[in-house]
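Participant: Next come a sequence and a model predicted from it.
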Amino acid sequence: GESVGLHLPTLSVQEGDNSIINCAYSNSASDYFIWYKQESGKGPQFIIDIRSNMDKRQGQRVTVLLNKTVKHLSLQIAATQPGDSAVYFCAEVNQGGKLIFGQGTELSVKP
Amino acid sequence: ETGVTQSPTHLIKTRGQQVTLRCSSQSGHNTVSWYQQALGQGPQFIFQYYREEENGRGNFPPRFSGLQFPNYSSELNVNALELDDSALYLCASSLDHDAEAFFGQGTRLTVV
């Protein structure tokens, strides 16, 4: 069946360092992925997306990499800040816009 | 802020009771999706409403039902509440059924 999972449940980084959050997916037919950030007490917030015809996409301080061969996604956050502390989810978007979320990685930024 | 509002923010119900959760979609959005997020887990898709019709359903029993109104706001109803229904219920609205989804802050439901 379809599933999207994350390799690490928690990640702790020093302020100013780069963070890398990983995600594996199982449906090789998936063609659209989104990374979300969820802060405590809030709903998920869109960070960046990528389609399967790309292997890299950059935003402001964030980069998403897609490796279709091994069905793997990563989110890179440059110069991580305390405000980046949150739970990060990758989600596969299926036909009709249904989101299939992974378990999430909690990012903790140490000052 | 996403412009998607949910009410109430917190709710405590007793096992066996029924609950109704509400969602006001962002202006101009005709699609609302509901998700259940258990503690420490990712959100799980419950169902989606597009122009007042159900447009897809996840693996949830029939006691989870919904409505979408002509103004595109939506309700999620859960009958015969079980302890495992305790979760954060998220509503997301989008401009169309396959467009970017914007999430509300969620309703925290506790079943005791």
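Facilitator: Structure's in. What do you need?
Participant: Tell me where the chain has strands.
Facilitator: Defaulting to chain A. A:4-5, A:10-14, A:19-25, A:32-38, A:45-51, A:56-58, A:62-67, A:72-77, A:86-93, A:99-101, A:105-110 (DSSP state E).
Participant: That was the other one, I meant chain B.
Facilitator: So, for chain B - with DSSP E - the strands run B:5-7, B:10-13, B:19-24, B:31-37, B:44-50, B:53-57, B:64-68, B:74-78, B:87-94, B:101-103, B:107-111.
Participant: quick one on the thing from earlier: which of the strands of chain A has the lowest average pLDDT?
Facilitator: Sorting those by mean pLDDT places strand A:4-5 lowest, at a mean of 58.
Participant: just to revisit the earlier point, figure out which of the strands of chain A is closest to chain B.
Facilitator: Closest approach to chain B among those (CB to the nearest CB): strand A:99-101, 3.2 Å. To be clear about C-beta, it is placed using only N, CA and C from the backbone, and glycine gets the same treatment.
Participant: That closest one - contacts with which helices or strands?
Facilitator: Judged by 3 or more CB pairs under 8 Å, 6 or more residues apart in numbering or on different chains; DSSP states H and E, the packing partners of strand A:99-101 are strand A:86-93, strand B:31-37, strand B:44-50.
Participant: Redo the strands of chain B as TSV? Include mean pLDDT and distance to A:Gly83.
Facilitator: Shown next, in TSV, are the strands of chain B (pLDDT from 0 to 100; distance: least, CB to CB, whole Å):
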stretch	mean pLDDT	distance to A:Gly83
strand B:5-7	97	24
strand B:10-13	97	25
strand B:19-24	98	27
strand B:31-37	96	22
strand B:44-50	96	28
strand B:53-57	94	34
strand B:64-68	97	35
strand B:74-78	98	31
strand B:87-94	96	22
strand B:101-103	93	19
strand B:107-111	98	23
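Participant: any chance of the ones you listed in CSV, plus distance to chain A and mean neighbour count?
Facilitator: Below are those laid out as CSV (distance: least, CB to the nearest CB, whole Å; neighbours: other CB atoms under 10 Å in any protein chain shown):
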stretch, distance to chain A, mean neighbour count
strand B:5-7, 8, 17
strand B:10-13, 10, 13
strand B:19-24, 11, 19
strand B:31-37, 7, 26
strand B:44-50, 5, 22
strand B:53-57, 5, 14
strand B:64-68, 14, 19
strand B:74-78, 14, 21
strand B:87-94, 5, 25
strand B:101-103, 3, 25
strand B:107-111, 9, 18
